[in-house]
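**Student:** okay, structure incoming, though there's no sequence with it:
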């Protein structure tokens, strides 16, 4: 929708320039020369659905579920609901990631101001076309690459593109890039590149490529699921053959209809091998962590990112907008020897209050308020070409003469002793990384020559002024926390290395004058060596930021990158965890995994704590599920090879799973846990879960052997359920340590649940559990006790400091 602006809102006269006509615009729209950007990620919704749903794993589960429904055994089909939940979680999470990237937009400004048919119009960004004339004013963001036609004190803030915080002056013929914004002044520019061809679009094209955050937990779980998927078919063949042979052979089973009982037993063994609830519980743990962090104003863009920051061992920080607030503040004034000319504070106040003042001069408003009502005789606005501005007051004012504010080397004459001394002091101050300006005075009151100002003949230095970037008040404390946690810090910026080093020292980092990235080697190995030796880097390009992150990753580091500019987007995309500040561009926020909504840097330690809780709890829960998978596979192979009927019905396994894994795992996954992150999640989990699964499987096998030898017609399945549940509950006990009242309560409730399932007639009938005679009960408890002692011994060995797996993770 187009809105015509009133003439009073357009101070820049069109001066005969009419811009494109309506016919010109229509022709360019037809030719496709518009500012619309490609809006697609690498995976469609169908591809996401196919990857998460149409898998062998889900096919086996769905087939088993349908088979039981067809056979009328709906009570044994409870596992189907968990399978549906797992598939939905995978689709929803990946689709959310896709939508976030599809909405990638480099520009914050919702509209563009163009000149068409001689009128200034406010239009949508996508409606800008090739050759449009942009009308640029202070605060505007450039919607497309353009060439300046005319300018009046125009200065561009390109920090989102380059990382350099100092505004860049632009005159006629200069190029302005999409994503930059007008810091001061005004001008007009003709669009030369639109849409995908613009600088910002090319810069973020790689960032739009679809990817999910690297998660050690998710990668480990996916690897386990692949192993299970590969094992399913051969184990299923063994199990199905064993079930049919247990029913009197294939021919007898098929002719007598007893194959149905065999099919139910086969489904029970197959479903038992699949850790249906593990993905669900893990996703719930991530989701609860994300909700907790959202209450702290930390937006988690992808659930697995909750664990990410807890694994980080190198934190790369952009300076502008991350360590600093992205704005310049007044630092101090410095004497240049002689007594300053009277009225210099009033002059500084005028420079700060000037409506056309640039961002640096505006910092003078607070320390030097302008209270004089005397109007200047003449003024010279700041120009990036001259690098100075001036004001002249008449002889009747309290501060007569001409006052100049600008770069020392452009204002002062080094041939004079006063000028030479002031330049020496200015050079020393600039070496500390602070921006330095000189306030000078001249007695002349009329010295401009039309529109071509020149310096007065006699210029006397008055005071030197230094400016610095406003450092975030929480930066030093947060960096100290990460240093205490053993996390390496690298500050990466497009600014002058000395400026970056000054900020680094202000936040408590010991550093030299910074490393100039223009001499950074391109070889990844050599680049990594430089990154090992230095902490602060300046003059870093967007491509170099990405390469630096990749070089650190090749050295085995887990890297987090913070930033707010478009120039940070590639690095954030390739980092293990990308963190965007509240002031970040839309593109940077879209590729970041975490967004600090209130811009508080001190939120990050809370993210680390939440990530540690999730990692430690998910590792504990995964051992429960993987132990179950291990004993299910072993039981399937043993009973299939021995041609015995599987010792459980699917519904019975649903009950034992709920008591020993599903319900307690939910609570364990959400409980507080302050354990520090240790690499090796999968190896450590399997080193306990597989032996624990062997112990459980042998206990159940021993129970079956007991019934086969002492009472073949006895309630063998009930005895197997009892032994399995007791031993698996002890697995829960050891993994819940250190025990507290809440964990003890969960364990006690689960134990009571076992008693109720066995004792209540309603539940015993539903789960097909018969009462155990006293002799059989005693024998089952003896077998279970043996399993409990074996689990206890395994846990102590697993936790022993000399255990190579445990030691490797420390």
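**Tutor:** Now that the structure is in, tell me what you want to look at. What you see is a predicted model; the values in this text were computed from it and never measured.
**Student:** stretch 470-490 spans what distance, first to last residue?
**Tutor:** With Cα to Cα, to the nearest Å as the measure, the first residue of stretch 470-490 is 19 Å from its last.
**Student:** what do you get for stretch 519-539?
**Tutor:** Per Cα to Cα, stretch 519-539 runs 10 Å from first to last residue.
**Student:** just give the closest residue to residue 198, not the sequence neighbours.
**Tutor:** Nearest-residue entry for residue 198: residue 178, 4.2 Å, with adjacent residues in sequence omitted and distances by Cβ to Cβ, 6 or more residues apart in numbering. To be clear about C-beta, it is placed using only N, CA and C from the backbone, and glycine gets the same treatment.
**Student:** how many residues are close by the one you found?
**Tutor:** 29 (other Cβ atoms under 10 Å).
**Student:** need the three-state assignment for it.
**Tutor:** Using DSSP: H, G, I helix; E, B strand; the rest coil, the structure places residue 178 in coil.
**Student:** now swap in residue 780 and tell me
**Tutor:** In the three-state summary, residue 780 is assigned as helix, counting by three-state DSSP.
**Student:** quick check, pLDDT for the residue nearest to residue 198.
**Tutor:** Predicted confidence (pLDDT) at residue 178: the value is 84.
**Student:** identify the residues contacting it.
**Tutor:** Residues in contact with residue 178 (Cβ atoms under 8 Å, 6 or more residues apart in numbering) are 106, 107, 142, 143, 144, 145, 193, 198, 199, 200, 201.
**Student:** which one of these is nearest residue 352?
**Tutor:** Distances from residue 352 to the contacts of residue 178, taken as Cβ to Cβ, are shortest for residue 142 (27.0 Å).
**Student:** ok, the closest one touching residue 183?
**Tutor:** No. With contact taken as Cβ atoms under 8 Å, residue 142 and residue 183 are classed as non-touching, separated by 11.7 Å.
**Student:** neighbour-wise, which of those two wins?
**Tutor:** Between residue 142 and residue 183, counting by other Cβ under 10 Å, residue 142 is the more crowded of the two (26 against 20).
**Student:** can you get me a residue count around residue 250?
**Tutor:** When neighbours are defined as other Cβ under 10 Å, residue 250 has 14 of them.
**Student:** state the distance from the closest residue to it other than its chain neighbours to residue 768.
**Tutor:** With sequence-adjacent residues excluded and distances taken as Cβ to Cβ, 6+ apart, residue 250 is closest to residue 244, at 4.8 Å. For residue 244, the distance to residue 768 (Cβ to Cβ, to the nearest Å) stands at 21 Å.
**Student:** the two: who's more crowded?
**Tutor:** residue 244 (22 against 16).
**Student:** where does the more buried one sit, in terms of helix or strand?
**Tutor:** Residue 244 belongs to helix 216-246 when assigned by DSSP states H and E.
**Student:** following element in sequence after that helix, please.
**Tutor:** helix 250-256.
**Student:** so which bits of that following helix are buried?
**Tutor:** When neighbours are counted by 16 or more other Cβ atoms under 10 Å, the buried residues of helix 250-256 are found to be residue 253.
**Student:** what does the average pLDDT come to for that helix?
**Tutor:** Along helix 250-256, the predicted local confidence has a mean pLDDT of 74.
**Student:** just stretch 784-795 next, same as before
**Tutor:** Averaging the model's pLDDT scores along stretch 784-795 yields 95.
**Student:** residues of it that come out buried?
**Tutor:** Of all the residues in stretch 784-795, those buried under the rule 16+ other Cβ under 10 Å are 784, 786, 787, 788, 790, 791, 794, 795.
**Student:** helices and strands around the helix holding residue 244, which ones?
**Tutor:** When contacts are defined as 3 or more Cβ pairs under 8 Å, 6 or more residues apart in numbering; DSSP states H and E, helix 216-246 packs onto helix 56-70, helix 259-273, helix 276-294, helix 305-311, helix 604-641, helix 681-710.
**Student:** what ranges of the stretch 401-550 of the chain fall below the confidence cut-off?
**Tutor:** In the prediction, the stretch 401-550 of the chain carries residues with pLDDT under 70 at positions 445-452.
**Student:** rewinding a little: what's the overlap in contacts for residue 142 and residue 183?
**Tutor:** Residues touching both residue 142 and residue 183 comprise residue 156, with contact defined as Cβ under 8 Å, 6+ apart.
**Student:** is residue 331 in a helix, a strand, or coil?
**Tutor:** Classification of residue 331 using three-state DSSP returns strand.
**Student:** ok, it - contacts?
**Tutor:** If a contact means Cβ under 8 Å, 6+ apart, then residue 331 has 434, 465, 466, 467, 468 as its contacts.
**Student:** quick one, which of those are buried?
**Tutor:** Among the contacts of residue 331, those that count as buried by neighbour count (16+ other Cβ under 10 Å) are 434, 465, 466, 467, 468.
**Student:** so what's the residue count around residue 683?
**Tutor:** The number of residues packed near residue 683 is 12, by other Cβ under 10 Å.
**Student:** re the thing from before, can I get the helices and strands packed on helix 216-246 in TSV with distance to residue 474 and mean pLDDT?
**Tutor:** Output for those, formatted as TSV (distance: least, Cβ to Cβ, whole Å; pLDDT from 0 to 100):
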stretch	distance to residue 474	mean pLDDT
helix 56-70	45	71
helix 259-273	49	69
helix 276-294	17	74
helix 305-311	16	79
helix 604-641	9	86
helix 681-710	31	92
